[in-house]
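*Asks:* any chance you can model this:
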Amino acid sequence: MAVNVLFLLLVWVCSQVSLLCFCSQAEGQEAILHASNGPTLREYCLLYNSTWSNISDSLSAAVSYPLRSLVSSQLCVRGQQGSLEGQAVVVMRGGCDFSQKALVAQDLGASVLLIASVDNLVIPSANDSELRKVKIPLALVRHRDVLDALQVFPQGMEVRLYAPPVPPFDASIIIMLLIAVFTVTTGGIWSGAAEKDYLDNLSLYSPLKVLLFVAMMCVMLVLMYFFYRWLVYVIIVIFCLASASALYNCLDSLALGCSTLSIMVQVALGPGAGGKVSESLVCVIVCVVQLPVVMRIPQFSALAQNLCMMQFSILGYGDIIIPGLLVAYCHRFDVWMGNSRRIYFISCAVAYAVGLVLTFAVMLLSKMGQPALLYLVPCTLLTSAVLACVRKEFRLFWSGSRTCQVRGFL
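*Replies:* Below you'll find the model as predicted:
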């Protein structure tokens, strides 16, 4: 019972995230800082304002400038910097507005202004009157990237700024589709295969249990709104327990011993965690707390966005779990009815794949994130319901009767 409650609670949390959207486009204006000196080169993330700065869309068309480091200055007023004619200059963030720094650098003859930021990068902005005065490109760069570049190129470097365009279609969508369909179909097959063994151990959910689950959802939603900072750790613990329980059950079904596997290390220690906790890892945990309820795949063609770690194809676990419950039920129903061809299971799995393809197609055409369940639920439910009506088995399909004799298995 406790495992079922944990699983249902995890499904609900995933469904809340899935209602947001399937998204593959990240808002922002990212560019690449290409630094080189002879055969040595490095590339770093930049954030810029496209209405403010005109940056080339290819490396070959970008103009090369020698970089001058003024990270000891905020460049809010003219000082002893001397002439910056034809140079790209990097200064520290803070002390004054972005436009003020750009105007000072422009007066000193600089061709490009880079602002090193210790905090999170933001898109630079200013009012229209200040915007019209600035004629040089301006972008934000991470302070740690500047320090790395100065260490790699102690004798100086040439830099070029470019912002490669992001193609509308990316191979990560295909990978996302394959992972989702494989997970749903495999779960359905596993569920049907286990149905015969557990056919006598019937576990029904009473109306009281259903009402209790709905009440838990409402309370959890309110608590997450007011106490997200603390409740996020509760969700992570629930996810770890449910994952460990599911893994143990799978290994038990395969007649394998429960080995010393490291379960959900990254969930416990944070993104990119290994066996040790480093200083940078602690910073990630403190700065960013993420719920383990989405699947993220970096886009292969988004060079600048991947460099800035801002471009991912995202699919909520609820978009897999919730339709997967119906696919698993369809396979179980095939087992109950003795359908050797598994017509319900195959039809529902195909409908799920069609729903995902439809989601991706609408997303690419509209260039906006889409709620995947908006397409998955009608595709899977209507397909299963119509098939049950055509076969005159809708009442049995609706009630989930297990009184039918099982005439075949797999």
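*Asks:* off-centre distance for the helix or strand hosting Ala116?
*Replies:* Take DSSP states H and E as the rule and Ala116 turns out to sit in strand 112-117. The chain centroid and the centroid of strand 112-117 are separated by 28 Å under CA atoms, centre = their mean, to the nearest Å.
*Asks:* what's the helix or strand following that strand in contact with?
*Replies:* Downstream of strand 112-117, the next assigned helix or strand under DSSP H and E is helix 128-133. Here helix 128-133 makes contact (CB atoms under 8 Å, 6 or more residues apart in numbering) with Thr51, Trp52, Asp97, Ser99, Leu103. C-beta: built from backbone N, CA, C; applies to glycine.
*Asks:* surely the second one meets Val134?
*Replies:* By that I understand Trp52. Yes - taking contacts as CB atoms under 8 Å, Trp52 lies within contact range of Val134: 6.6 Å.
*Asks:* common neighbours of these two, please.
*Replies:* With CB under 8 Å, 6+ apart, Trp52 and Val134 have common neighbours Ala126.
*Asks:* check what pLDDT Val386 gets.
*Replies:* Note for Val386: predicted pLDDT of 93.
*Asks:* three-state assignment of it?
*Replies:* helix (DSSP: H, G, I helix; E, B strand; the rest coil).
*Asks:* any idea how many residues pack against it?
*Replies:* A count of nearby residues for Val386, using other CB atoms under 10 Å, gives 13.
*Asks:* same question, Phe153
*Replies:* 19.
*Asks:* ok, so what distance separates it from Arg93?
*Replies:* Phe153 sits 22 Å away from Arg93, going by CB to CB, to the nearest Å.
*Asks:* repeat for Val181
*Replies:* 45 Å.
*Asks:* tell me where the model's unsure across the chain.
*Replies:* When residues are selected by pLDDT under 70, those of the chain lie in 1-28, 80, 192-206, 210, 246, 248-294, 301-307, 309-312, 401-410.
*Asks:* domain parsing for it?
*Replies:* 2-25+167-399, 30-162 (automatic domain parsing).
*Asks:* if you rank the contacts of helix 128-133 by neighbours, which is first?
*Replies:* The most crowded member of these, judged by other CB under 10 Å, is Trp52 (22 neighbours).
*Asks:* can I assume that residue sits in a helix?
*Replies:* No - counting by three-state DSSP, Trp52 is located in no helix; its state is coil.
*Asks:* change the start of the numbering to 285 and stick with it
*Replies:* New numbering, starting at 285: the last item is Trp336.
*Asks:* what about Ile339, neighbour count?
*Replies:* Other residues lying near Ile339 total 19 when counted by other CB under 10 Å.
*Asks:* that one is in contact with Pro449, isn't it?
*Replies:* No - when contacts are counted by CB under 8 Å, Ile339 is not listed as touching Pro449 (11.5 Å).
*Asks:* and Ile420, what does it touch?
*Replies:* Ile420 neighbours (CB under 8 Å, 6+ apart): Ser337, Ala386, Ala389, Gln390, Ala394, Ser395, Val396, Leu397.
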